[in-house]
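A.B. asks: Pasting the sequence and the predicted model now:
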Amino acid sequence: MTDCLGGTGQFSNFGPKERGALIAYLAGVLNRNEVTAVWAGVNTADFREFVCPGSAFGRRFPKPYDLCFHEVMIQVCGWAVRHGRGSAVNLVFAEQTEFKQRTCNAWRGHPARGGVLGSLKFESPKHSVPLQTADMLAFELTKDWERIGQIGACGVDSWSNLAVRSELDKISHGGSLQYGGLYDEGGLKTAIANFGSDGKLWGS
């Protein structure tokens, strides 16, 4: 999404109108197919302030990415139980090096996985339409959250403000962003307290 807007990378030979048309076309495709976003976010400043690296919580979630992955697994499992019709749900994540091994380890041992999730693989966003879709959703949400400012752990009071960009408005119709959560100060404190009280991960 960033490359498309900026005219860099694989979009370096496309003009502004062409790139805008591509974005609008993808948004229309997503809208017609009723894409449901499963998402997670962490306020990195709050994470650095409230998560102690030497604590049990900090060892389990050394970076915001690790906490996001855990939250995504909970949300995907919940979606699979409600809508999977008994079929295993297979996941695709963008290729990266820093977190891949930890992601695989967390995937294999995740308490919410049960029998509803199938395989996990990594692909390049350049060659994966689902990952391009996820990138577009993440970009649009980030832009809206930058405009909105600090919001609650789940953003409940701000849902009405999310659909201000035309692309996001098309994608987010019908409550398609309902599966997710944003960890700010309040959300992190709650997660740490719940984790420390019984030594288990929430969602297990």
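C.D. replies: Ah, there it is. Numbering: from 1, shown residues only.
A.B. asks: ok, which stretches of this protein are helices?
C.D. replies: Applying DSSP state H to the chain gives helices spanning 2-6, 16-32, 44-50, 56-60, 64-83, 100-109, 129-148, 159-162, 166-171, 185-198.
A.B. asks: buried ones in stretch 8-15?
C.D. replies: Within stretch 8-15, the residues scored as buried using 16 or more other Cβ atoms under 10 Å are residue 11. Just so you know, the C-beta spots here come from the backbone N, C-alpha and C atoms, and that holds for glycine as well.
A.B. asks: again with stretch 119-128
C.D. replies: Within stretch 119-128, the residues that count as buried by 16+ other Cβ under 10 Å are 120, 125, 128.
A.B. asks: From these, which land in strands?
C.D. replies: Among the buried residues of stretch 119-128, the residues falling in strands (DSSP state E) are residue 120.
A.B. asks: Confidence-wise, which of the buried residues of stretch 119-128 comes last?
C.D. replies: Within the buried residues of stretch 119-128, the minimum per-residue pLDDT falls on residue 125 (82).
A.B. asks: So, low pLDDT: which residues of this structure?
C.D. replies: Flagging of the chain using pLDDT under 70 yields the residue ranges 1-2, 31, 33-35, 111-112, 114, 140-180, 196-204.
A.B. asks: Show me the residue at the heart of it, geometrically.
C.D. replies: Per Cα atoms, centre = their mean, the C-alpha nearest to the average position across the chain is that of residue 39, at 3.0 Å.
A.B. asks: of the helices of the chain, which approaches residue 91 most closely?
C.D. replies: helix 64-83 (6.8 Å; Cβ to Cβ).
A.B. asks: what angle sits between that closest one and helix 100-109?
C.D. replies: Here helix 64-83 points in a direction 40 degrees away from that of helix 100-109 (axes from the mean of the first three to the mean of the last three Cα atoms, to 10 degrees).
A.B. asks: Buried residues, helix 64-83. List them.
C.D. replies: Result for helix 64-83 [16+ other Cβ under 10 Å]: buried residues 64-77, 79-80.
A.B. asks: Distance to residue 89 added to the helices of the chain, as JSON lines?
C.D. replies: Listed next are the helices of the chain as JSON lines, based on distance: least, Cβ to Cβ, whole Å:
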{"stretch": "helix 2-6", "distance to residue 89": "28"}
{"stretch": "helix 16-32", "distance to residue 89": "19"}
{"stretch": "helix 44-50", "distance to residue 89": "28"}
{"stretch": "helix 56-60", "distance to residue 89": "24"}
{"stretch": "helix 64-83", "distance to residue 89": "4"}
{"stretch": "helix 100-109", "distance to residue 89": "12"}
{"stretch": "helix 129-148", "distance to residue 89": "12"}
{"stretch": "helix 159-162", "distance to residue 89": "25"}
{"stretch": "helix 166-171", "distance to residue 89": "20"}
{"stretch": "helix 185-198", "distance to residue 89": "24"}
